[in-house]
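Asks: mind folding the following:
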Amino acid sequence: MSSMLGELLSAMPVPALAIDGAERIIAANAEARTLIGQGIEGRNYVTILRQPVLIDTVEKVLADSLPRTSTYLANDGLEDTAFQVTARVVPSQRVLLLCFLDTTHLEQAGEMRRNFVANVSHELRTPLTALMGFIETLRGPARNDAAARERFLDIMQGEAGRMNRLVGDLLSLSRVEGEQRVRPRDQVSLNDVLTSVLQTLGRLAEENGVTFETEFPADPVRIVGDADQLKQVFTNLVENAIKYGASGKRVTVTMTVAERNPTLRAPGVRVQVIDYGPGIDPVHVPRLTERFYRADSHRSRALGGTGLGLAIVKHIINRHRGRLRVESELGAGAKFTVILPLDLSAT
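Replies: Next up is the predicted model:
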């Protein structure tokens, strides 16, 4: 019987093992041995499984033969893993079958949702607290103080604007995430997109004492894309370069075309946005596109950042089947490279 069970379990794509009426593990597939340990056949399940919640479930199923589910926690050497365990009796074989379904991704998704809600709540709480405090002051001690009223109203306008930007970015992030698997179909001129972005941000650059340096191909570079979303990408990157790299006094925007881009392994166009400011500590670079991650949270908030801009950029570039590369060192500025395919069907 154990030979037949062994063959049956070996065909299962998830860790699985069988326990007989004597509480011994009589068969296990390779996945189960990798998860739980080698040489588990013939051993009492209590000494092998060890986790009280799962042991209790097995005891109950052995007692009344009713199917149940439980959990099993492990570690693959890199991270903690979680499994949903189904326990069912196979009447014809008189054994209890345990199957382990990896639910780590579901646990991680749940943790991401909880962190996201916590981050949004934190980002909204600060301006809301400030607004409530100023409203209370204006209704009380500063009721007849014109100077204080004007000062507080300016601050309240700034805090309300911060919340408005946050809500706008949340809606934008939700929209681009929903569209990420839908490929764009329009023909877009990247020259026109970048020219429009630089014109829009010209005043901001002037206010910060920053000049633009550009290098574009003479002939228009056309790709299949979403013009509005691409403007959003480059507006975010150029605006960040102006705000965070203003001390460098210039921002360089270049565009080059390659018949075969090594990153895409297909024809591609590379757009680089380079600033010459204080740069970013390389330790932060891998996490820059995470929601609400800030290399310098105080400075980011002071400049009106929501912590969502680069997350939106990443999703839009993914929708266009492109790549985003970030290079930076402290004191040496930052270089953001967007690589887009010239022909989406080639990727």
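Asks: only C-alpha atoms for contact and neighbour calcs from this point on.
Replies: OK.
Asks: geometric centre of this structure: which residue is closest?
Replies: Taking CA atoms, centre = their mean, the centroid of the chain lies closest to residue 290, which sits 4.9 Å from it.
Asks: quick one: low-confidence parts of the stretch 151-300 of the chain?
Replies: 296-300 (pLDDT under 70).
Asks: for the longest helix out of those in the chain, packing partners?
Replies: Identified as the longest helix of the chain according to DSSP state H is helix 104-139. Applying 3 or more CA pairs under 8 Å, 6 or more residues apart in numbering; DSSP states H and E, we find helix 104-139 packed against strand 80-90, helix 146-179.
Asks: so which of the ones you listed is the most surrounded?
Replies: strand 80-90 (a mean of 18; mean count of other CA atoms under 10 Å).
Asks: show me how far it is from its chain's centre.
Replies: 29 Å (CA atoms, centre = their mean, to the nearest Å).
Asks: if we can go back for a sec, distance check, the residue nearest to the centre of the chain against residue 342.
Replies: Counting by CA to CA, to the nearest Å, the gap from residue 290 to residue 342 is 27 Å.
Asks: centre of the chain to stretch 252-265, how far?
Replies: Stretch 252-265 has its C-alpha centroid displaced from the chain centroid by 25 Å (CA atoms, centre = their mean).
Asks: likewise for stretch 120-140?
Replies: Using CA atoms, centre = their mean, the distance from the centre of stretch 120-140 to the centre of the chain it belongs to is 29 Å.
Asks: likewise stretch 251-265?
Replies: 25 Å.
Asks: quick check: buried residues in it?
Replies: 251-255, 257, 261, 264 (16 or more other CA atoms under 10 Å).
Asks: ok, so of these, who is nearest residue 172?
Replies: When the buried residues of stretch 251-265 are ranked by distance to residue 172 (CA to CA), residue 253 comes first, at 24.6 Å.
Asks: my guess is that closest one contacts residue 198, does it?
Replies: No: between residue 253 and residue 198 no contact is recorded; they are 9.3 Å apart, counting by CA atoms under 8 Å.
Asks: mind checking how far the closest residue to residue 241 other than its chain neighbours is from residue 332?
Replies: Nearest residue to residue 241, sequence neighbours excluded (CA to CA, 6 or more residues apart in numbering): residue 275, at 5.4 Å. To residue 332, residue 275 is 9 Å away according to CA to CA.
Asks: who's more crowded, the two?
Replies: residue 275 (30 against 15; other CA atoms under 10 Å).
Asks: what sits against the more buried one?
Replies: By CA atoms under 8 Å, 6 or more residues apart in numbering, the contact set of residue 275 is 241-242, 245-246, 248, 250-252, 333-335.
Asks: now do the phi/psi pair for it.
Replies: Residue 275 adopts backbone torsions of phi -120, psi 170, taken as degrees, to the nearest 10.
Asks: tell me how far it lies from residue 142.
Replies: Taking CA to CA, one finds residue 275 at 44 Å from residue 142.
Asks: please apply the same query to residue 174.
Replies: For residue 174, the distance to residue 142 - CA to CA - is 41 Å.
Asks: find residues that contact each of residue 253 and residue 198.
Replies: residue 212.
Asks: give me the number of neighbouring residues for residue 109.
Replies: The number of residues packed near residue 109 is 12, by other CA under 10 Å.
Asks: buried ones in stretch 212-222?
Replies: 212, 216, 221-222.
Asks: what's in contact with it?
Replies: By CA under 8 Å, 6+ apart, the list of residues contacting stretch 212-222 reads 187-191, 198, 205, 250-256, 342.
Asks: from the residues you listed, which land in strands?
Replies: Counting by DSSP state E, the part of the contacts of stretch 212-222 found in strands is 187-189, 250-256.
Asks: farthest pair in those residues?
Replies: By the measure CA to CA, 187 and 250 form the most distant pair in the ones in strands among the contacts of stretch 212-222, at 30.8 Å.
Asks: the two: which has the busier surroundings?
Replies: residue 250 (21 against 12).
Asks: just for the stretch 1-150 of the chain, where's the confidence low?
Replies: Checking the stretch 1-150 of the chain against pLDDT under 70 turns up 1-3.
Asks: who wins on neighbours among the contacts of residue 275?
Replies: Going by other CA under 10 Å, residue 242 tops the contacts of residue 275 with 30 neighbours.
Asks: residue contacts, that residue?
Replies: Counting by CA under 8 Å, 6+ apart, residue 242 touches 204-205, 208, 210, 250-251, 275.
Asks: tell me where the stretch 151-300 of the chain has helices.
Replies: Ranges of helices in the stretch 151-300 of the chain, per DSSP state H, counting those that start in this stretch, are 190-200, 202-207, 227-244, 297-302.
Asks: elements contacting the first one?
Replies: Applying 3+ CA pairs under 8 Å, 6+ apart, we find helix 190-200 packed against helix 227-244.
Asks: give me the buried positions along the helix it packs on.
Replies: In helix 227-244, counting by 16+ other CA under 10 Å, buried: 227, 229-244.
Asks: equivalent analysis for stretch 279-294, please.
Replies: So for stretch 279-294, counting by 16+ other CA under 10 Å, buried means 279-280, 288-289, 291-294.
Asks: out of those residues, which comes closest to residue 118?
Replies: Closest to residue 118, out of all of those and judged by CA to CA, is residue 292, at 10.6 Å.
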